Structure formats: structure tokens, C-alpha cells
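J.: the sequence and its predicted three-dimensional model are supplied below.
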Amino acid sequence: MVPPEIWLKIFHFATDAPGLLDCGPSQSDLPPVLAREQELQFLRESLITKRSLVLVCKIWSELAIEFLYHSVLITRVRALIPLHEALQGRARAAGTSSINPARWTRRLDVVIKHDQCETADYGILADVIRYFSNLSIVTLSMPILPFNDYWHRQLPVEIIVSLVETCGPSLRIFDCAESPLRPCREDLMLLLAGSPNLRILRCPICSPTPGDRSPCGRSDVPVMANLESISLMSVFLRDYLPREKNKNHLPALRQLTYGCISPPFFAYAWKSFVKSSCAAVTCVTLDFSFQGDSLQKELDLLSECCPALEKLVIHFCSWMEFIPHLALPPISQLRIYSKLAKAPAFHYSLLLYALTTLTASKLGSVRLIDANAVDEFRHCLRSLPQDGLDDLASKAFRVEDHEGRVILLGGRCVD
């Protein structure tokens, strides 16, 4: 007979999805929406395996239930009430002989795209959260309430309160970047103050605070001593500015992701934030939505204020925004992505020219992080004059595909 500890190891290897319970900064260079889709696919596949294991027999069910509850995924509103009732039943049973499996839950993903939520549904979700006392990762992507207009998409405060009161000390990742419904600034500050061990924050946009308080009446940004990664949006930067503009409230920050939408970031407040909070940042991801001629200003700011920067990831609207003669900060890695699918051939000619005219003193590699773009770039390279390929091959940095393999070697395209 196989000992239980052996079965547990087998179940672990059968259901393990690398990275799903990892609380460190993201290792993916893809745009957040695409990285999130990949992550959810891994999560669904893992949950299917776990459900299959607990249905085999009573012994397997008792052994594998811990793995089933490691991650909870909610994708439909109608799943809230059965989940709530199941957790209630487990909690009552835990008072007699059983162990409440909710204590094993480390990750909660609420990704509701196609259903309409009523106020009562969010109340049920808040009650559900209160059973998960050891949550480390919380991702919310929830539809707007029927009575909310476009600009007032406030996540009900009871959800934030449930998180703070139930799992604030254990919370490491809070992500609502893709959610139409989001906390207002005051509620977000409540979450930050109650989650001192938070390592990753992805909430670039806050819902307007009720009453539109003046700056002097707003809660100050708490010092987040453990926060390593943050996502920001240019026009909402003020939500993260402390009262003392030059004080660093993010001393552990190492990874910065920010989106440039109009108006741009070039204001004094942004420069002050980068200078005070980003001196130790090693990786910056820039979602660039302006004309290419404004990109150099962003690069100059990073050069001035981020002396520890090693990797820069830029998501362009198209390769046309990657203009020639750019001067990069002294980074070793550049990762680039174009949101335009099936770009015309001349876009890749422009990309080639931009790469050959880069000024980059310490650059070791440029990586195209989309597999389709790699195929299109290779196809374009085969039709270009040899002198253009030789110019690129003469650069000190490598040009790599999405898996880190060299695209161009000795002036020839490598498959």
C-alpha cells in the first residue's frame, strides 16, 4: 500500500503549475493582459486536474482536498452562493472533527467578464473572502455595477475591509489592473495600510473618491517597506504621491510598470516620484501610447533617475513608434513588443533601421517578445539588402527571438 506522504508528493507534481503561487515580481515581459490570459489558462488546467483527483475515491479526496483549495477561481456570479454555502458547511464541520480547507487557500482570482453583478453579489463575495485567512494573492476583475457611470466604478468598500480584516498581514499581491470596477483612492490607502507585507500592487487607476476630497483631506500614502513592484498610469499618478513629495515611501521598489496616456508623464510630479522612489529599480516596463518622438524624453528621465536599471521593456502601439537614433539608458536588456498584429513589411524595415541606429553603451540583447512578430521579422530580413543586415550584425548587442535564441548571426538570419 502506498503511504499517504508518497501520494501527496505525486499529487503535488501532478497539479503544480509553476508560478501560480509565486509572490515575486512577474517574470513575463508580455503585456499584462496577455500574461494574465496565460496565467488563467494554467490555473484552469491545474484546477481541472485537482477536481479529477478528489473525485477518484474517498481516500484520494481526503488527501487531495488541500491541493484543490490552494487556488480558488470564480468566473461566474452564480458560483458565489454555492461557494459561500460550501465554505459555511466546512467551517461548521471544522468545529467538530474536520479541518476547514479554506485555511489552505493562498490564491483567489475573481474574473467575471460576462455576468452582471448586483450589490448583493459583492456582499456575498466579501463574506466568502472572510473564510480565506491566509490569502497571499488576490486578483479581481469584476463588472461595473448597473447604477455606476463610466467614471465612477468603485469597488464596494466591504470587499476591501474583508481583505484587510481577514488576510491583510498575509497579502503579498493585489491586482485589479484589468478590472472595470476598482477601489477608490481612500479605500486603496486603507488596503495598503492594512497590508504591510504587500510585495506587488497592480492598481494603476482608482475610482474617484466620493466627495472629491481636497489633497489636504486625503489619506497619506503609507510607507510600503516590502513593496517590490508597482503599476502606475500617467494621469492617475497623484493617487500615489505622498504629502512629502521628495520622501520615498517605496524603499524596496525594484520593478516599475507604467502606461503613458495623455496627458504625458513629463510633469514635475512624475520626475519627482521617479527620482525619489526609483533609484533602486532594476526593471521598467513602459506601455508607450504616444508618438515616437516623445520616447526619448522618457528614456532620458530613466537615465537620470534610475542608475540601477538593468532591463527595459517597451510595449509599442506599432513599430513605427520605435523611432531611429534613440539613446538608451545604460541597460543590458531591451525587450520590445508591438500591439499591431500582422504588421506590414515596411514596419519591420523601420524596426531594423531603429535597431541599427540605437545608441546603447551597455546593451547586451534586444528581444522581440512576441512569437508572431519574430516570424514576421525573420521573413522581412530575408528580403532586405545585405548591407542592412551587416549593419545590424555589427552592433555589440544580440537580437533574440521570444525564447532568447539569436535571430541574426554573422549577417545571416537564423531559423
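T.: Here it is on my side, so go on.
J.: switch to C-alpha atoms for all contacts and neighbour counts from now on
T.: Will do.
J.: against which helices or strands is the helix or strand where F11 lies packed?
T.: Using DSSP states H and E, F11 maps to helix 4-15. Helix 4-15 sits against helix 32-54, helix 58-69, with contacts defined as 3 or more CA pairs under 8 Å, 6 or more residues apart in numbering; DSSP states H and E.
J.: which residue ranges of the stretch 51-200 of the chain form strands?
T.: In the stretch 51-200 of the chain, strands defined by DSSP state E, counting those that start in this stretch lie at 71-74, 107-111, 137-141, 173-175, 200-202, listed in chain order.
J.: quick one: closest of those strands to Q41.
T.: strand 71-74 (11.2 Å; CA to CA).
J.: so what strands line up beside the closest one?
T.: strand 107-111 (parallel) (DSSP bridges).
J.: just give me how far the strand it pairs with sits from the chain centre.
T.: Offset of strand 107-111 from its chain centre (CA atoms, centre = their mean, to the nearest Å): 14 Å.
J.: then stretch 374-393?
T.: Distance, centroid of stretch 374-393 to centroid of chain: 33 Å (CA atoms, centre = their mean).
J.: returning to what we had before: can you list the helices and strands packed on helix 4-15 in a markdown table and add mean pLDDT?
T.: A markdown table is the format used below for the helices and strands packed on helix 4-15 (pLDDT from 0 to 100):
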| stretch | mean pLDDT |
| --- | --- |
| helix 32-54 | 86 |
| helix 58-69 | 79 |
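J.: closest to S141 out of the ones you listed?
T.: helix 32-54 (11.0 Å).
J.: helices or strands up against the closest one?
T.: Here helix 32-54 touches helix 4-15, helix 58-69, going by 3+ CA pairs under 8 Å, 6+ apart.
J.: all helices for this structure, in order.
T.: 4-15, 32-54, 58-69, 80-94, 119-129, 157-167, 185-193, 268-277, 295-305, 345-356, 371-381, 386-393 (DSSP state H).
J.: dump the residue contacts of A252.
T.: Going by CA atoms under 8 Å, 6 or more residues apart in numbering, A252 touches 224-228, 280.
J.: what does V164 give?
T.: Per CA under 8 Å, 6+ apart, neighbours of V164: 190-191, 194-195.
J.: out of the residues you listed, which is nearest to P169?
T.: S195 (5.3 Å).
J.: okay, the residue nearest to the closest one when sequence neighbours are not counted: pLDDT?
T.: What sits nearest to S195 in space, not counting adjacent residues and going by CA to CA, 6 or more residues apart in numbering, is G168, at 4.5 Å. What the model reports as pLDDT for G168 is 95.
J.: how much space separates G168 from F174?
T.: Separation of G168 from F174 (CA to CA, to the nearest Å) stands at 11 Å.
J.: neighbour-wise, which of the two wins?
T.: More neighbours surround G168 than the other of G168 and F174, with 24 against 20 (other CA atoms under 10 Å).
J.: got a list of what that one touches?
T.: G168 makes contacts with 191, 194-196, as judged by CA under 8 Å, 6+ apart.
J.: and if you look at L192?
T.: Per CA under 8 Å, 6+ apart, neighbours of L192: 198, 222, 224.
J.: so it versus G168, what's the distance?
T.: 9 Å.
J.: repeat for I81
T.: With distances taken as CA to CA, I81 is found 24 Å from G168.
J.: picking that back up, mind putting the contacts of V164 in CSV, distance to T285 included?
T.: Compiled in CSV, those are given as follows (distance: CA to CA, whole Å):
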residue, distance to T285
L190, 27
L191, 25
G194, 27
S195, 25
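J.: flag the shaky bits of the stretch 251-400 of the chain, pLDDT-wise.
T.: 261-267 (pLDDT under 70).
J.: returning to what we had before: which of the contacts of A252 sits closest to S272?
T.: A280 (14.7 Å).
J.: that closest one: how many residues sit nearby?
T.: By other CA under 10 Å, the residues close to A280 number 17.
J.: so what's it up against?
T.: Going by CA under 8 Å, 6+ apart, the list of residues near A280 reads 252-254, 306-309.
J.: now with 7 Å?
T.: Contact analysis of A280 by CA atoms under 7 Å, 6 or more residues apart in numbering lists 253-254, 306, 308.
J.: before we move on, the earlier item: make CSV out of the strands of the stretch 51-200 of the chain and add distance to L181 and mean pLDDT.
T.: Output for those, formatted as CSV (distance: least, CA to CA, whole Å; pLDDT from 0 to 100):
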stretch, distance to L181, mean pLDDT
strand 71-74, 16, 92
strand 107-111, 11, 94
strand 137-141, 7, 95
strand 173-175, 12, 97
strand 200-202, 13, 96
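J.: now render these as TSV, adding distance to A120.
T.: Putting the strands of the stretch 51-200 of the chain into TSV (distance: least, CA to CA, whole Å) gives the following:
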stretch	distance to A120
strand 71-74	16
strand 107-111	16
strand 137-141	17
strand 173-175	22
strand 200-202	26
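J.: looking at those strands, spot the one closest to F42.
T.: The closest of those to F42 is strand 71-74. By CA to CA, the value is 11.5 Å.
J.: list the contacts of E178.
T.: Applying CA under 7 Å, 6+ apart, the residues near E178 are S141.
J.: from D287, how far out is it?
T.: According to CA to CA, E178 and D287 sit 14 Å apart.
J.: do Y348 as well
T.: In terms of CA to CA, Y348 sits 20 Å off from D287.
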